[in-house]
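Peer 1: structure here, sequence nowhere to be found:
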């Protein structure tokens, strides 16, 4: 089998696209996403990477990255994906690889090509009908370029609960020591918080670890408002990376997760991945009846 040679260009931003082995889902809840985001952020710091765009979808990820040493791209990708796969597997007792060995990458040179690619990455959630405008999606991180608390109420440290204040200090300490957040750490950080406080803490974690280079982003558009106008008027395009496109809206995965929450299948839907095949098939039949999900979508959701 012929292996395609990586396209590496000096000073180019690399669009990195990743999918999973067998197409299983990468993210079942916000805790999964927080583990991934913090692992990616500390790895970006390690490699002195400029991150221009970033987006987490249910079954794949996108980022636009420029490394200090462009020939360490493979090492960079290997490091953060290895961290996430290890944490993901350990959390549910899963074994084996999570990400496909081959990741997609395409160098982007010149302001026009870079802006087009940024719009494409930012609008992935819009294309999958997870939001109406790109800035409404928490997991492309662009709302944090304009506000420290875009999806929650501003934290008043003078009146915040002791539990929340303790969690904020711990997050700051972990970030300062360049440590990603593991599942046990995250569960202890969120334990005992109200729903409002959980949203505040999520915003705080993402802002504290934020990998996006705001200065570089603004240099492309001039202002945050100009950036939103450009992104919302042009969804962008990607011709250089072959993706495994799922043409159906990703709202079906939200429906499947909600169906699990209202059933006795599992307290953690991700743990369904390690069930015996016969049990998975039984659950798949039930979920299909509740949601109308296709066989392909159930296969990805349950790891069939």
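Peer 2: Perfect, thanks for sending it. Computed from a prediction, not measured in an experiment: that's the story for all the values here. Numbering: from 1, shown residues only.

Peer 1: low-confidence ranges in the stretch 201-304 of the chain?
Peer 2: 237, 239-247 (pLDDT under 70).

Peer 1: can you give me the helices for it?
Peer 2: 214-221, 224-233, 251-261, 277-291, 295-302 (DSSP state H, counting those that start in this stretch).

Peer 1: winner for burial among these?
Peer 2: Comparing those by mean neighbour count (mean count of other Cβ atoms under 10 Å), helix 295-302 comes out on top with a mean of 20. Just so you know, the C-beta spots here come from the backbone N, C-alpha and C atoms, and that holds for glycine as well.

Peer 1: which residues sit against it?
Peer 2: With contact meaning Cβ atoms under 8 Å, 6 or more residues apart in numbering, helix 295-302 is reached by 22-25, 59, 246, 248, 252-253, 256, 272-273, 275, 280, 283-284, 287-288, 293, 304.

Peer 1: can we see that at 10 Å?
Peer 2: 20, 22-26, 28, 58-59, 246, 248, 250, 252-253, 255-257, 259-260, 265, 269, 272-273, 275, 277, 279-281, 283-285, 287-288, 291, 293-294, 304 (Cβ atoms under 10 Å, 6 or more residues apart in numbering).

Peer 1: per-domain residue ranges of this protein.
Peer 2: 13-147+210-233, 162-208, 251-302 (automatic domain parsing).

Peer 1: same list, the helices of the stretch 201-304 of the chain, but as TSV with distance to residue 53 please.
Peer 2: Below are these laid out as TSV (distance: least, Cβ to Cβ, whole Å):
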stretch	distance to residue 53
helix 214-221	8
helix 224-233	10
helix 251-261	22
helix 277-291	31
helix 295-302	24
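
Peer 1: what about residue 77, neighbour count?
Peer 2: Per other Cβ atoms under 10 Å, the neighbour tally for residue 77 reads 21.

Peer 1: these two touch, right, it and residue 16?
Peer 2: Yes. At 6.3 Å, residue 77 and residue 16 qualify as touching, with contact defined as Cβ atoms under 10 Å.

Peer 1: shared neighbours of the two, which are they?
Peer 2: 63, 65, 103, 105.

Peer 1: quick one: the strands in this structure, in order.
Peer 2: 13-19, 50-56, 60-66, 104-108 (DSSP state E).

Peer 1: in the shared contacts of residue 77 and residue 16, find the pair that's most separated.
Peer 2: 65 and 103 (11.5 Å; Cβ to Cβ).

Peer 1: got any residues that touch both of the two?
Peer 2: Contacts common to residue 65 and residue 103, judged by Cβ under 10 Å, 6+ apart, are 16, 73, 77.

Peer 1: quick check, nearest of those to residue 125?
Peer 2: Distances from residue 125 to the shared contacts of residue 65 and residue 103, taken by Cβ to Cβ, are shortest for residue 16, at 17.2 Å.

Peer 1: please name the residues that touch residue 258.
Peer 2: Counting by Cβ under 10 Å, 6+ apart, residue 258 has contacts 269, 290, 291.

Peer 1: pretty sure residue 72 is in contact with residue 43, am I right?
Peer 2: No. Here residue 72 lies out of contact with residue 43, judged by Cβ under 10 Å, at a distance of 11.0 Å.

Peer 1: mutual contacts of the two, please.
Peer 2: Common neighbours of residue 72 and residue 43 (Cβ under 10 Å, 6+ apart) are 49, 78, 79.

Peer 1: ok, of these, which come out buried?
Peer 2: 49, 79 (16 or more other Cβ atoms under 10 Å).

Peer 1: adding pLDDT and distance to residue 222, write the shared contacts of residue 72 and residue 43 out as JSON lines.
Peer 2: JSON lines is the format used below for those (pLDDT from 0 to 100; distance: Cβ to Cβ, whole Å):
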{"residue": "49", "pLDDT": "95", "distance to residue 222": "24"}
{"residue": "78", "pLDDT": "94", "distance to residue 222": "36"}
{"residue": "79", "pLDDT": "96", "distance to residue 222": "34"}
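
Peer 1: what is the nearest of the shared contacts of residue 72 and residue 43 to residue 215?
Peer 2: For the shared contacts of residue 72 and residue 43, the nearest to residue 215 is residue 49 (14.3 Å; Cβ to Cβ).
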